[in-house]
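S.K.: Coordinates only, no sequence provided:
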């Protein structure tokens, strides 16, 4: 899907916490540009900060420790050298542990630190930020004059309840849309 889209228009991709194989292999195969995290997007005279968002979840110290491990090139190389079935088992267990912890902790510590997010926005001269990671789609003020737009995660495995969303920036602002195939 990414290769087809990239054949028609410019495509950029910022990896998330589970996307490191895409960072290592995807750009060449899919013909897209990898975006550093964070990235400043300038369009129609406005600046928008794009980030995966996990580095801003400062109160989640357990996740921040895990983040340091999984972002390490040596760790990624060792994981990718394992057979696919082992990698899938590791990923499934990691996801189960994460979901279990989220259900116990709720929202405590698993959201971006608003003060740090506003500091980032102020430093680059932007009023709006787009991030994922927390998977709580919506738009809200971080502080007066500063706004965030949180992306949806994508889960298309259940056709009865597919979950996916595209956030499109237009001259008039942001618009949330279902992907073309789900309209």
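M.R.: Ah, there it is. From a predicted model like this one, the values you see are computed outputs, not experimental measurements. Numbers count the residues shown, from 1 in each chain.

S.K.: for this structure, where's the lowest mean pLDDT among helices and strands?
M.R.: Within the chain, no helix or strand scores below helix 27-30, which has a mean of 51 by mean pLDDT, DSSP states H and E.

S.K.: Which other helices and strands does the one helix or strand residue 47 maps to contact?
M.R.: Using DSSP states H and E, residue 47 sits in strand 46-51. For strand 46-51, the packing partners by 3 or more C-beta pairs under 8 Å, 6 or more residues apart in numbering; DSSP states H and E come out as strand 39-43, helix 114-124, strand 128-131. No exception for glycine: its C-beta is placed from N, CA and C like everyone else's.

S.K.: Return the set of buried residues in stretch 52-68.
M.R.: 52-57, 60, 63, 66 (16 or more other C-beta atoms under 10 Å).

S.K.: Let me have the helices and strands packed on strand 46-51 in JSON lines, extended by mean pLDDT.
M.R.: Formatted as JSON lines, the helices and strands packed on strand 46-51 follow (pLDDT from 0 to 100):
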{"stretch": "strand 39-43", "mean pLDDT": "95"}
{"stretch": "helix 114-124", "mean pLDDT": "97"}
{"stretch": "strand 128-131", "mean pLDDT": "96"}
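
S.K.: Deepest in the core, which of those is it.
M.R.: Of those, the one with the most neighbours on average (mean count of other C-beta atoms under 10 Å) is strand 128-131, at a mean of 22.

S.K.: contacts for it?
M.R.: Strand 128-131 is contacted from outside by 46, 48-53, 56, 112, 117, 120-121, 142, 146-151, 167, 174, using C-beta atoms under 8 Å, 6 or more residues apart in numbering.

S.K.: Could you please name the strands it pairs with and the direction of each pair?
M.R.: Sheet pairing of strand 128-131 (DSSP bridges) gives strand 46-51 (parallel), strand 146-150 (parallel).

S.K.: could you pull out the helices for the chain?
M.R.: Per DSSP state H, the chain carries helices over the ranges 2-6, 20-21, 27-30, 61-70, 73-80, 84-105, 114-124.

S.K.: comparing the ones you listed, which gets the lowest mean pLDDT score?
M.R.: For the helices of the chain, the stretch scoring lowest in mean pLDDT is helix 27-30; its value is a mean of 51.

S.K.: how about the strands paired with strand 128-131 in TSV, adding mean pLDDT, distance to residue 159 and mean neighbour count?
M.R.: Shown next, in TSV, are the strands paired with strand 128-131 (pLDDT from 0 to 100; distance: least, C-beta to C-beta, whole Å; neighbours: other C-beta atoms under 10 Å):
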stretch	mean pLDDT	distance to residue 159	mean neighbour count
strand 46-51	96	30	19
strand 146-150	96	25	20
